[in-house]
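>>> The sequence and its predicted three-dimensional model are supplied below.
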Amino acid sequence: MKQYSIFFTAPGKAELQAKEWNEPDLKQDEVLLETECTLVSPGTERACLLGFAGGNFPKLLGYSAVARVLKAGKEAGFHPGERVAVYHSSHSSLLVKKAEDLVKIEDDALPSSSAVFCIIGSMGLQGMRRARPEFGESMAVLGLGLLGLFAVRCASLSGLFPLIGVDFNEKRRKLAEEFGADATFSPDDPELAANIKALTGGAGVNVAVEVTGNPDALNSALDFTAPFGRVTLTGCSRTPTKEIDFYSKVHKPGITILGAHNMARPPHDARPGCWTMREDMALLLRLFSAGRIHPERLITERAEPEKAPEIFDRLAKRDPEMLGVLFDWNAFHSK
C-alpha cells in the first residue's frame, strides 16, 4: 500500500509524492483514516508555500479533510466505516489522527464536499463569536475569503444588522450578499468609513471582524468602529501593524481588541463566546444539513491531487478566482 501526499518542496513549488505505507500500530486514542477530500485554505497555505510562515522545506500542509475510518484504537470512540471531519489533517490519501481532532458526520446524506468546510468555517465562526455580538448589533467583516464569508453567514443567522462586508474582489462581495450581507464595499473606497457610518446612524459598527491579517486593515476597522465597540483579530497578522494612534482610535472611544485566532480556544470545556473547535465543527455540520448554510456555493474548483503543482502555482500568483478548491482522493484508495 502507498500513501500519496502533496508536499511543498521549495518556495512556490508543490508536488504529489508517493511512499510505501506500512499500517502503523495505533495508540488507543488514534484512528487510521482513508481520505475522501481535502480543502485548500488559500491564505494560510499560500503563506506557507511561499515561506512567509517560517519553517523548512519540504512541508506537508493542509488542515481540512473528510475521511473514512479504517481502524480505531480502543479508546478512540470511532468505528470502521464512519465518516469524519478531520481538523489539522494534511493533503494525504491516508492519515493517522488522534480522536480529539475528529468529528463524526452524523448525516449520511451530507456530501463530503460540503462537510469539509466545517473546519475552516469554524474559524470564521470563532471570529464572530469571540466578540459576543447581540441580536440587532451592527457588524463589518473585513476580508471575504472563506473565513470571512463564514463569519458573514453566521452573523446573518445571529441577527446582526446592518451586516457589512469589505473586500477588493467584486465576486466575493456578491457572495457575501448572498450569504446575508446588507451592503458591501471595497477597501479602496475613499468614502469607506463615511459610508459605513451612514449605514449605522453615524456611530459606526458595534463589531468589526478583521480576517485579512493585512497590517492596514486594523487601522481601517478602527476608523468605523463605534465607541465601546469590539474588533476581533481573526486573520493571521504575519506583518507587524504600525502607526496606530491608540489614544485617539482605541483609548478614547473605549474600543476592545480581541485575539480570535483559531488556536485561542479552550481544549475541552467551552465558555461564553469561546467554544471548542469540535463543538463549532459539529454545529456547522448540523447547520449544513439543515440547509441554513450552503457551503457548496463556495466551491470554485474540484481537482485531482495530480494537479497540485498547477493549483498551488496559481495560488502563489494570487489567482483571484481561487476560493474553495477541493482535492478528491477517492481514486487512490485502490492503488
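Cool, the structure landed.

>>> And residue 17, how close does it get to residue 238?
27 Å (CB to CB, to the nearest Å). C-beta: built from backbone N, CA, C; applies to glycine.

>>> which stretches of the stretch 1-150 of the chain form helices?
42-49, 112-115, 117-129, 146-157 (DSSP state H, counting those that start in this stretch).

>>> now the helix or strand following the last one, how far from the centre of its chain.
Put plainly, it is helix 146-157. Toward the C-terminus, helix 146-157 is succeeded by strand 163-166 as the next helix or strand (DSSP states H and E). Remark: strand 163-166 is offset 17 Å from the chain centroid, using CA atoms, centre = their mean, to the nearest Å.

>>> I'd like to know which elements the helix or strand that comes right after strand 163-166 is packed against.
Later in the chain than strand 163-166, the nearest helix or strand by DSSP H and E is helix 170-178. The contact analysis (3 or more CB pairs under 8 Å, 6 or more residues apart in numbering; DSSP states H and E) places helix 170-178 against helix 146-157, strand 163-166, strand 183-185.

>>> Residue 17 and residue 238: which has the busier surroundings?
Remark: of residue 17 and residue 238, residue 17 carries more neighbours, 16 against 13, as counted by other CB atoms under 10 Å.

>>> What residues does that one make contact with?
Residues near residue 17 by CB atoms under 8 Å, 6 or more residues apart in numbering: 4-7.

>>> Which of those residues has the largest number of neighbours?
residue 6 (28 neighbours).

>>> thinking again about what came up before, would you reformat the helices and strands packed on helix 170-178 as a markdown table and include mean pLDDT and mean neighbour count?
Formatted as a markdown table, these follow (pLDDT from 0 to 100; neighbours: other CB atoms under 10 Å):
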| stretch | mean pLDDT | mean neighbour count |
| --- | --- | --- |
| helix 146-157 | 98 | 28 |
| strand 163-166 | 98 | 28 |
| strand 183-185 | 98 | 20 |
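
>>> Among those, which comes closest to residue 319?
Closest to residue 319 of these is helix 146-157 (CB to CB; 14.7 Å).

>>> Output the contacting helices and strands for that closest one.
Against helix 146-157 (3+ CB pairs under 8 Å, 6+ apart) you get helix 117-129, strand 139-142, strand 163-166, helix 170-178, strand 205-210.
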